[in-house]
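[1] Got a predicted structure plus its sequence, pasted below:
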Amino acid sequence: EIEEIFVKAGQTVKQGDAVATISADNINKEIRSLRADYQEAALKLSEANLSRKKGEVEAQNTLDSSLVKSDTAEMTYDKTIETLAREIDSAKRTIERAEGDIREITSEIRVYDVLLGYNFGSEHYEDFINSSFYSVKYDKDFEDENEIALAKEDAQTRLEDAEYELEQAKLALKDAEYNL
């Protein structure tokens with residue numbers, strides 16, 4: 001509040017001349033009000049900075065977490081591809097082995113069929129047993145036709161096992177290739 005005015009309207013004044021006096025109470029009130037406003041603004045600025053920093057930390061944590069998840073997913077993918085490639089190679093090797101076993105066992109069964117077609121101990125039977133084909137591959141001495149029949153049954157069982165192994169390997173290959 002203005003307590004006293006020292007000049008009249010239109011009067012010339014110089015720099016430093018007193019123009020009026022203002023109550024110190026009013027100035028102190030205004031100073032206190034401005035200081036309070038300043039402190040409130042400073043507090044809001046501090047809160048805003050804190051909130052911004054918190055947001056930055058949360059964003060960085062989210063980014064870091066996403067990067068870790070991405071790296072983990074990539075490693076899992078790579079390991080899955082490696083595993084599937086090994087499964088494919090293993091299935092292919094099993095198929096090759098089973099096909100070889102099937103050819104070998106089928107040939108063995110044919111030999112037993114030939115042996116069973118001859119009279120046991122006949123000249124044709126002995127010629128076949130003594131042939132280089134038979135002696136190199138099968139070099140077995142049979143006591144009678146029953147032993148030949150049992151050997152053939154055993155070969156047929158092994159053939160069924162090899163055919164089953166072949167089918168399982170083909171399914172495993174198909175499954176691995178599908179998942180790849």
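    Everything's here; your move. Residues are numbered from 1 along each chain as shown.
[2] Give me the pLDDT value at residue 93.
    Per-residue confidence (pLDDT) for residue 93: 96.
[3] Which secondary structure element is home to it?
    helix 24-117 (DSSP states H and E).
[4] Report all helices and strands that that helix contacts.
    Applying 3 or more C-beta pairs under 8 Å, 6 or more residues apart in numbering; DSSP states H and E, one finds that helix 24-117 makes contact with helix 123-130, helix 132-137, helix 145-179. Quick note: C-beta positions are derived from backbone N, CA and C, even for glycine.
[5] which helices and strands does the first one pack with?
    Here helix 123-130 is seen to pack against helix 24-117 when contacts are counted using 3+ C-beta pairs under 8 Å, 6+ apart.
[6] can you check the longest one too?
    In terms of contacts (3+ C-beta pairs under 8 Å, 6+ apart), helix 145-179 is packed against helix 24-117.
[7] ok now the helix it packs on, how far from the chain's centre?
    9 Å (C-alpha atoms, centre = their mean, to the nearest Å).
[8] Check stretch 150-162 too.
    Its chain's C-alpha centre lies 43 Å from the corresponding centre of stretch 150-162 when counted by C-alpha atoms, centre = their mean.
[9] buried set for it?
    For stretch 150-162, the neighbour count (16 or more other C-beta atoms under 10 Å) marks 151, 152, 155, 158, 159, 162 as buried.
[10] Contact partners for the first one?
    I take that to be residue 151. Contacts for residue 151 (C-beta atoms under 8 Å, 6 or more residues apart in numbering) come out as 112, 140, 142.
[11] Sort out which of the residues you listed are buried, if you could.
    So, by 16+ other C-beta under 10 Å, the buried ones in the contacts of residue 151 are 112, 142.
[12] Please identify which of the contacts of residue 151 is nearest to residue 40.
    residue 112 (104.7 Å; C-beta to C-beta).
[13] Make sure the closest one is actually in contact with residue 154.
    No: in this structure, residue 112 is not within contact of residue 154 by C-beta atoms under 8 Å, at 9.6 Å.
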